[in-house]
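[1] Requesting a structural model of the entry that follows:
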Amino acid sequence: MPSSERVEPLGDDQRNVDGPLLTAWWAAISIGLPGLLIGSNLAHPDGLGLSLGQIILLVPIGALIAGALAALISIPSAAVGVPFGLLIRPALGVGLGSAVGLLRALLYLALMAWQMSLLIDVAGPAFGESWGLYALVVLVVLAAVLFVIGTDNAIRYWIRWPAFWGGIFVAFGLLWRVSSFELGFASNPGVGFWQGVDDFVWLVVLLAPLIVDTARLVDNDGAAPTAVAFGFSVPTVLIVVGGASLAAATGLSGAAGIAAIFSSGALIVSILAVAWVLFAEIDQAFSATFSAELEIAGLSGTIPQLASVAGLLLGAGAAAWFVDTSTLATVMDWGVRLLAPVVAIMVADYFAVRHSRYETDDLFRVRGEYPVVNLVGVLAWLAGLAMAEWLDPVVFLSIGWNSNFVDAPTTLAAMGVAAAVYALAGRFLVREQEYVAEIRF
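    Sure, this is the predicted structure:
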């Protein structure tokens, strides 16, 4: 199958990211608009409308579950050293894994467009309509510059220092800004506590391919789980609390609430807004592009890296400008629903079925140890989707069927069912094909 040197298993001399740098990278990724939206959804009446006490209890529970899941996802990648599109091939099959990898690349194109569209929705109302376009152009150009100087240099010099410390600065700056408002949390407990916990899981699933693609770079396999879990969980707690406080302070949800925080006209607030774009959004665009480009390289080794990067960034920028944010958010929801069982199956395959042993050479072969389509993986994937549909119907809702579940962790439950089905069935039905090299001679 087509491949590129960039997606082949990395040797020890090619892994140039240490544990602290991986932690800093994930801290920088976690500080951004998606986390603020999750927090806003927790507190605002149009979302879950949870009380302050519920949010205080929910946030650490969600962060612990999400951090543990992120750590589990990072372990196979750190050990095997291949990106997401290759790591899922044993569980799904080489052919089906490639197809899912392509869909994942498209999902990350939509993810980049969604984040850029959110930036436009914040910058336009806060500073004027033209500022939304200015922010979009700056984001695309500077993210592209990071690839021009080289991904290694960008990770070592941009992520480690400006992105990490700048992200910490803007996160605390946002909390400082919110503290000047009177907070008005819901007085009565809401009914969406476990849905709120599931929002953390939703975010981890969305970022799971990026977790895999960054963990493979770490120079110490054992450092990856702690670095990813800590780097993701702690800043996410900070930014989700900021989002919840923001909704309680402004009475507005989503991008409108964020825009209200930045629209006072004071110089210090304007500086904070510019810093947010530079230190909370550029690294997210860079990281998502980095991950999606690896997927493209795994499917076609003939496309130059900078050409893929340019296509992804320009395509995402165009989609952000012309496609409504709510439409892109719907794409995100559908993408996570489809991706969640895949992530669970990948983890179950590595730990429970193949016992941490992959034949990396056969990840690139159609007629190697792994089949074109792993039917057990397909069965587990469908079981996970069925669980999600049962708890939170989307397809069946169109024909009038609905469930009585008002507070269920849909994503987490779907992952649990998919992992259990694959682990149980895989132990009896997954049979690795014998590959006798002497046949070639």
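[2] Tell me where the model's unsure across this structure.
    Scanning the chain for pLDDT under 70 picks out 1-4, 264-265, 366-367, 396-406, 431-441.
[3] Show me the strands in it, by range?
    Read by DSSP state E, the chain holds no strands at all.
[4] Which residue would you name as the spatial centre of it?
    Here the mean C-alpha position of the chain is nearest to the C-alpha of residue 207 (C-alpha atoms, centre = their mean), at a distance of 1.6 Å.
[5] From residue 25, how far out is that one?
    As judged by C-beta to C-beta, to the nearest Å, residue 207 and residue 25 stand 12 Å apart. Glycine gets a C-beta too; all of them are placed from N, C-alpha and C.
[6] again with residue 214
    For residue 214 relative to residue 25 (C-beta to C-beta), the value is 6 Å.
[7] the more surrounded of these two?
    A count of neighbours by other C-beta atoms under 10 Å puts residue 214 above the other of residue 214 and residue 25, at 29 against 25.
[8] returning to what we had before: what's near enough to touch the residue nearest to the centre of the chain?
    By C-beta atoms under 8 Å, 6 or more residues apart in numbering, the residues touching residue 207 are 29, 70, 232.
[9] For stretch 181-190, give me every contacting residue.
    Contacts for stretch 181-190 (C-beta under 8 Å, 6+ apart): 43, 45, 48-55, 244-245, 248-251.
[10] Go through the residues you listed and say which is closest to residue 392.
    residue 48 (13.8 Å; C-beta to C-beta).
[11] so what's that closest one closest to, chain neighbours aside?
    Leaving aside its sequence neighbours, residue 48 sits nearest to residue 192 (C-beta to C-beta, 6 or more residues apart in numbering; 3.5 Å).
[12] Off-centre distance for stretch 197-208?
    7 Å (C-alpha atoms, centre = their mean, to the nearest Å).
[13] quick revisit: may I ask which two of the contacts of stretch 181-190 are separated the most?
    So, these by C-beta to C-beta: farthest apart are 53 and 250, at 20.9 Å.
[14] So which of those two has more stuff around it?
    residue 250 (20 against 11).
[15] gap between residue 256 and residue 247?
    Taken as C-beta to C-beta, the span from residue 256 to residue 247 is 10 Å.
[16] Between those two, which is the more surrounded one?
    The residue with more neighbours, out of residue 256 and residue 247, is residue 247; 31 against 16, by other C-beta under 10 Å.
[17] quick one, what contacts the more buried one?
    39-44, 47, 253, 257.
[18] before we move on, what about residue 40?
    47, 243-244, 246-247, 253-254, 257-258.
[19] so which of those comes closest to residue 387?
    residue 47 (23.5 Å).
[20] so what's the residue nearest to that closest one when sequence neighbours are not counted up against?
    Excluding the flanking residues, the one nearest residue 47 by C-beta to C-beta, 6+ apart is residue 41, at 3.6 Å. Shown in contact with residue 41 (C-beta under 8 Å, 6+ apart): 47-48, 196, 199, 243, 247, 253-254.
[21] one more time with 7 Å
    47-48, 199 (C-beta atoms under 7 Å, 6 or more residues apart in numbering).
[22] what's the answer for residue 86, then?
    If you count contacts by C-beta under 7 Å, 6+ apart, then residue 86 has 7, 298, 363 around it.
[23] My guess is the last one contacts residue 82. True?
    Yes - at 6.3 Å, residue 363 and residue 82 qualify as touching, with contact defined as C-beta atoms under 7 Å.
[24] Helices along the stretch 101-250 of the chain, start to end?
    129-148, 151-153, 164-178, 193-215, 223-250 (DSSP state H, counting those that start in this stretch).
[25] Need those helices in CSV (columns: distance to residue 384).
    Listed next are the helices of the stretch 101-250 of the chain as CSV, based on distance: least, C-beta to C-beta, whole Å:
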stretch, distance to residue 384
helix 129-148, 33
helix 151-153, 33
helix 164-178, 33
helix 193-215, 11
helix 223-250, 22
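[26] Identify whichever of the ones you listed lies nearest to residue 33.
    helix 223-250 (9.0 Å).
[27] how about residue 427, what does it touch?
    Residue 427 touches residue 353, counting by C-beta under 7 Å, 6+ apart.
[28] distance of the nearest residue to residue 368 once chain neighbours are set aside from residue 93?
    Leaving aside its chain neighbours, residue 368 sits nearest to residue 362 (3.1 Å; criterion: C-beta to C-beta, 6+ apart). Look at residue 362 and residue 93: by C-beta to C-beta, they are 12 Å apart.
[29] do residue 242 as well
    42 Å.
[30] Also residue 324?
    For residue 324 relative to residue 93 (C-beta to C-beta), the value is 36 Å.
[31] next one: residue 138
    In terms of C-beta to C-beta, residue 138 sits 42 Å off from residue 93.
[32] you'd agree residue 261 is up against residue 179?
    No - here residue 261 does not reach residue 179: they are 11.0 Å apart, not a contact under C-beta under 7 Å.
[33] between the two, who's got more neighbours?
    Taking other C-beta under 10 Å, residue 261 and residue 179 do not tie; residue 261 has more neighbours (24 against 10).
[34] Tell me how many other residues crowd the closest residue to the more buried one other than its chain neighbours.
    Of all residues beyond its chain neighbours, the one nearest residue 261 is residue 177 (5.5 Å), with distances taken as C-beta to C-beta, 6+ apart. Residue 177: 22 surrounding residues under other C-beta under 10 Å.
[35] got it, and residue 73?
    Neighbours around residue 73, by other C-beta under 10 Å: 29.
[36] roughly how far apart are it and residue 140?
    Taken as C-beta to C-beta, the span from residue 73 to residue 140 is 29 Å.
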